[in-house]
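Undergrad: quick one: sequence plus predicted model below, questions after.
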Amino acid sequence: MRLGEIYRTAVEAGIEADARSQEEIQAVLEAAKKEREALSPDEQEFFDQERLSNPYDDTRICAGAPDLEVRGLITGIDMQVGEILLADRLREKGQTIDLVFAHHPEGPGYANLHRVMYMQADLWAARGVGIGVADGLIASRAEEVRRRIMPANHYQAVDAARHLGFASMSCHTPADNNVNRFVQELVDGEAPRTLDDLIKLLRSVPEYADAAKKGYGPIIIQGSGSRRVGTCAVDMTGGTEGPKDALDKLLAAGVDTLIGMHYSEEHRKHAEKIGLALVIAGHISSDALGMNLVLDRIESRGVDVVCTSGMVRVRRS
């Protein structure tokens, strides 16, 4: 499977699982096109052309030609220099590895992570929050994340991969879209009565069961186990954690329980104050679940998969 095919497969998997409508996704791509057309020729060289066909700014090929034949890949939640050196050592021992396939974004995906956060407004709107209010909530938070990320060394791991002859790619929001849909459909289908029942349901998923055995499984961080779940929304995509003020709007829109990958202490205290139940499904385990749903489409086409850095491979097709 060529590197470009893996990239397109990941983007397509993200679009299929995206909670937004196809019309909204197309509107995002059209907005990028208009943005580029408005630029002068000198400014257009700085425009990321991938934005014209890929609605996920945190998912990019970071190194390697699109026509590179990928026989095997190594994948993990965080693929830093240590994991790149591990890949090189495994290759020396005979493992076929052509691609470093990271979940958390590196390179251009890391630098532009804040752009995918705007999709959170659509997710809140789908729960009954006014879209204008939602846009206003996410804008300041996205800019805050942009400023926080700007000083980072975005290409550190990518440069290491390039020096050692590996292709490099990040797959962030497509995987997060898939875990978001998977867990929402699971909860909607099984309708757990209490928060304790919800935890048991999450533990029926192999990735969460594995995490629970290792000590970082699903947990209630706000609300009692006997509390009824009520209307439950899964909050696992859109780059990174949104603003705590969104919790007020979701509660007002009728949400009783939120399931996320992680919440800050500030979010937990605010949820306690307003009476919203919060359940953490697990960060690394949720990322692994989302990546597994994408990897099913890649491994089935003959690409060997080696897991590290938190990835536990569970095959569903």
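TA: Ah, there it is. No experiment lies behind these values; they were computed from the predicted model shown.
Undergrad: ranges for the strands of the stretch 51-200 of the chain?
TA: Secondary structure of the stretch 51-200 of the chain (DSSP state E, counting those that start in this stretch): strands at 60-63, 72-76, 99-102, 167-170.
Undergrad: model confidence for the closest residue to residue 222 other than its chain neighbours, exactly?
TA: Nearest residue to residue 222 in three dimensions, chain neighbours excluded: residue 278, at 4.0 Å (Cβ to Cβ, 6 or more residues apart in numbering). C-beta coordinates here come from the backbone N, C-alpha and C atoms, glycine included. Confidence at residue 278, expressed as pLDDT, is 98.
Undergrad: just checking, residue 278 is part of a strand?
TA: Yes. Applying DSSP: H, G, I helix; E, B strand; the rest coil, one finds residue 278 inside a strand.
Undergrad: as CSV, the strands of the stretch 51-200 of the chain with mean pLDDT and mean neighbour count would be great.
TA: As requested, the strands of the stretch 51-200 of the chain are exported to CSV (pLDDT from 0 to 100; neighbours: other Cβ atoms under 10 Å):
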stretch, mean pLDDT, mean neighbour count
strand 60-63, 98, 24
strand 72-76, 98, 25
strand 99-102, 98, 28
strand 167-170, 98, 26
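Undergrad: coming back round to it: the residue nearest to residue 222: how many residues sit nearby?
TA: A count of nearby residues for residue 278, using other Cβ atoms under 10 Å, gives 22.
Undergrad: that one pairs with what?
TA: Counting by DSSP bridges, residue 278 is bridged to residue 222, residue 258.
Undergrad: with residue 99 instead?
TA: residue 73, residue 167.
Undergrad: wait, doesn't it sit right on residue 168?
TA: Yes. Applying Cβ atoms under 8 Å, one finds residue 99 in contact with residue 168, separated by 7.3 Å.
Undergrad: which residues do these two both contact?
TA: Shared contacts of residue 99 and residue 168, defined by Cβ atoms under 8 Å, 6 or more residues apart in numbering, comprise residue 64.
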